[in-house]
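**Student:** What follows is a predicted structure for the sequence shown.
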Amino acid sequence: MPSAVDTGTAAAPAHRTRGALARLARDGLGLTGAILVAAFILVALLAPWIAPADPLRLDVANKLQGISLAHWAGTDQLGRDTLSRLIWGARMALGISLSATGLAGAIGLVLGMIAGYGPRWLDGLMVLCFDSVSSLPVIMFALAVITVTGPGVATLILVIVTVSIPGYARLIRAQTLTMRNADFIVAERTMGASTARILLRHMLPNVVGPLVIVLSMDVPVVIMLEAGLSYLNLGVRPPQPSWGNMLYDGYTSLRQQPLLVIASGLPLVLATVGFTFLGEGLRDALDPRLRVASR
Amino acid sequence: MTAPLLDVRGLSLSYGPVRALRGVSIDARAGEIIGIVGESGCGKSTLASALIGLPAPGATVAGEVRIAGEDFLALPEARRREWRGARVAMVFQDPMTSFNPVLTLGDQLVDFQHRSPVPRAEKRARAAAILARVGLPDPDLALRRHIHELSGGMRQRAAIAAALLMRPMLLVADEPTTALDVTMEAQIIHLLRELRAEHQGAIVVITHHLGVIGELCDRVYVMYAGEVVEEGTVDEIYHSPRHPYTRALIDCDPAHIDGPAGRLPTIPGRLPDLTGTLRGCAFQPRCPRAGPRCLALAPPRVAFGPTQAAFCHEAGR
C-alpha cells in the first residue's frame, strides 16, 4: 500500500501538498531540479550580501581578465567583476521570468478554463483573440508598446505576459475541452455544483498539471527573451546587469576573452536544466494517477 | 393511496430532429423501486438525464417531471441546482470515471455537501458514516484514498454512498451494476435492497438487464424507441407479459433458455428511425402480430388489472 497516503490525519490539502513534496524528493531528477532552482532563488535573494564586489564599479585598467583570486569569474570589457554581475543578474533574470510566467500562467489558466467550459460562441471569440495575439511578432509588438510606455522592466514584463498568455490559455482550453463532458464533471453537476465550483475545485486540479511543467520549462525561454529584448535596449538597461546583456557583452568581446560568454552562459544552462527537471518532477509528483506507475 | 413521489407526465425530449423520448409517463411512490428496461438506444439514459434535470445542451424538452408535487423541469436553473443532490441524486454506470481522479474520496464526499452549513469535520464524519453504511470495511482509510486505489465493488459502493449523502428523495441509478462482475452485482443489488428499507424516497433503476430488475424492483416500465410500451409489477411483466415487445425481450434473455441452444433468440429487424413523426406503433415493423391498425393508429393504453398496462392494439385480444 502506498505509504504517502497513510500518513497523518490533517486537513486534506496540506496533506496532499506534503505527499507531493515527499514524492518529489524521491525522484532523483526532480530533486536535482528543485535544488538548482532553490539555489538560484537563494542567490538572487542574497545578492547584496554574497556578491564579492560592486557590480557597477568600473575598473577599465583590469578589463577582460581571466579567472583570478580577485575576480573568480574574470571581468568584462569595462573591468566590472563578472561573478558579482552574474549574481545580481540572477535577481533580474529570475525576478522578470518568474513574475512574467507566473502572471501569464495564471491569466492563461483562467481564460483557458472559461474558453473550454463556457458557451461555444465565447470559445470561438476567445480563440480568435488568442490567435490574433499570437500572430503578433514579439519584437514589433515590444517596439510598439515601448513607444507608448517607454523602456524598462515593467514594460518587458507586460510584453512577455501578453505574448505568453495565448499559448497557456490554449493548452488549458484543450485540457478543459477533453474534461468538460467527463463523467465526474457530469456527476458533479448532478450533485448541484455551480460552474465556479466545478471549475475551481474539480477542473483546475485536473488541467493544471501540464501547465505547471510548461511554465517551468518556459522560465528559461523567458530569460532568453529578456536577454534578447535587453540587447535591443527594450528591457533591462545598462549598466544594470542581466544575464542577457552580459551574454551580448561577452559576444562582442568574444575574440579577446571567451570566458565572459562562458561565464554568462553557464547560469542560463543550469537554470534551464533546473527548471525543466523541476517541471517534470512536479508533474509526476502532483498527478496521483502517475503515482503507481512511477513507483 | 399516497400521491406518487415521482410523477413524470408526457415527457418528450428531442435532440434536433431526433425524438429520443416521446410522451413518457412513469411514476414512483416513496419506498418503491421501479425499473426501466429496454435495449440500447430506447431512451433509457436520456430519461435518466431528464429525471435529474440535466438534459444534454440543445435538447428540447416538453412535459413534466414532478418530484414531490413540484415540476422539476419548470424551475429556473438555480433552483434546479439546489435540488440536485438534495432531492434527486444519481448513481452512474462506471464509478471509476464518475469520481474526480485527482481528489481523494474524502475530499470529494465533503465537497458534495457544499450546501450544508455544518463544519468540515462534521461533513467528513458524515461521509465516513455513509461509507460504513454502504459496507466499506475501513471508511476512514477509504476517505484518504483516490478512486483508482479502490476495488471495483468498493467504487460502486462509494458511488452509491455519494448519491445518498444528501438524503435525496429520488435516487436514479443508471446501469448501476453493468460495470461489475456477477458477485459484485449480487452484492450491490443486496445493498440497494437493504437501503430501500431505510431510504424514505424512491429509487429508479435503469438497466438493460432483466435479471437485475427481477431481483430488485417492485414495478417495471418497458421502453421501446423512446416510449413506454408496457408497465406492471415484476411478476406481471415476467410471467404474463402482454406487449409483443416485452415477450420478445424476455424470450431473448439467456437466463430463460433451458439447455444448450444452437442460436440465441433475437428480435428480428432494428429500431425505427426516430427522426420525424412515427405513424402507428413504433414496434409494428418488428412485431409478429402486427395488423393493419398498427400501421395507421397510435396504440391505445390497454389496462390489465390495477397495475399492468400495455400500449398495443393487439394485446387485449
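**Tutor:** Looks like it came in fine. Residues are numbered from 1 along each chain as shown, chains lettered A, B, ... in the order given.

**Student:** where does the stretch 51-200 of chain A come near chain B, residue by residue?
**Tutor:** With CB under 8 Å from any CB of the partner chain as the criterion, the stretch 51-200 of chain A meets chain B at residues A:182-184, A:186-194, A:197. Using the backbone N, CA and C atoms, a C-beta is placed for each residue, glycine as well.

**Student:** Narrow those to those in helices?
**Tutor:** With helices defined by DSSP state H, the entries of those inside them are A:183, A:184, A:186, A:187, A:188, A:189, A:190, A:197.

**Student:** what's near enough to touch the nearest residue to the third one once chain neighbours are set aside?
**Tutor:** Just to be clear, that refers to residue A:186. Leaving aside its sequence neighbours, residue A:186 sits nearest to residue B:54 (CB to CB, 6 or more residues apart in numbering or on different chains; 7.3 Å). Residues near residue B:54 by CB atoms under 8 Å, 6 or more residues apart in numbering or on different chains: A:186, A:189, A:190, B:84.

**Student:** which of those lies closest to residue B:39?
**Tutor:** residue A:186 (23.0 Å; CB to CB).

**Student:** burial measure for that closest one, as a count.
**Tutor:** 19 (other CB atoms under 10 Å in any protein chain shown).

**Student:** Check the one 5 residues further on too.
**Tutor:** Residue A:191 sits with 26 neighbouring residues when counted by other CB under 10 Å.

**Student:** from memory residue B:236 sits against residue B:308, does it?
**Tutor:** Yes - using CB atoms under 8 Å, residue B:236 is in contact with residue B:308, at 4.4 Å.

**Student:** Please convert the buried members of the contacts of residue B:54 into ChimeraX selection syntax.
**Tutor:** Of these, the buried ones can be selected in ChimeraX as follows, counting by 16 or more other CB atoms under 10 Å in any protein chain shown:
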select /A:186,189,190 /B:84
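
**Student:** Any chance of CSV for the contacts of residue B:54, columns pLDDT?
**Tutor:** Output for the contacts of residue B:54, formatted as CSV (pLDDT from 0 to 100):
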residue, pLDDT
A:186, 84
A:189, 83
A:190, 83
B:84, 86
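
**Student:** And what about the residue nearest to residue A:186, helix, strand or coil?
**Tutor:** Of the three states, residue B:54 takes coil under DSSP: H, G, I helix; E, B strand; the rest coil.

**Student:** measure it to residue A:146 for me?
**Tutor:** Counting by CB to CB, to the nearest Å, the gap from residue B:54 to residue A:146 is 51 Å.

**Student:** repeat for residue B:39
**Tutor:** Plainly put, residue B:39 is 68 Å away from residue A:146 if you go by CB to CB.

**Student:** Have a look at the two and say which one is more surrounded.
**Tutor:** Set residue B:39 next to residue A:146 and count neighbours by other CB under 10 Å: residue A:146 wins out with 20 against 15.

**Student:** what's the helix or strand for that one?
**Tutor:** Applying DSSP states H and E as the criterion places residue A:146 in helix A:138-149.

**Student:** what's in contact with that helix?
**Tutor:** A:155, A:156, A:158, A:159, A:162, A:163, A:225, A:228, A:229, A:232, A:234.

**Student:** need the contact list for the most centrally placed residue in chain B.
**Tutor:** Of all residues in chain B, the one closest to the mean position by CA atoms, centre = their mean is residue B:206, 2.6 Å from it. By CB under 8 Å, 6+ apart, the contact list for residue B:206 reads B:35, B:36, B:44, B:45, B:47, B:48, B:172, B:173, B:174, B:175.
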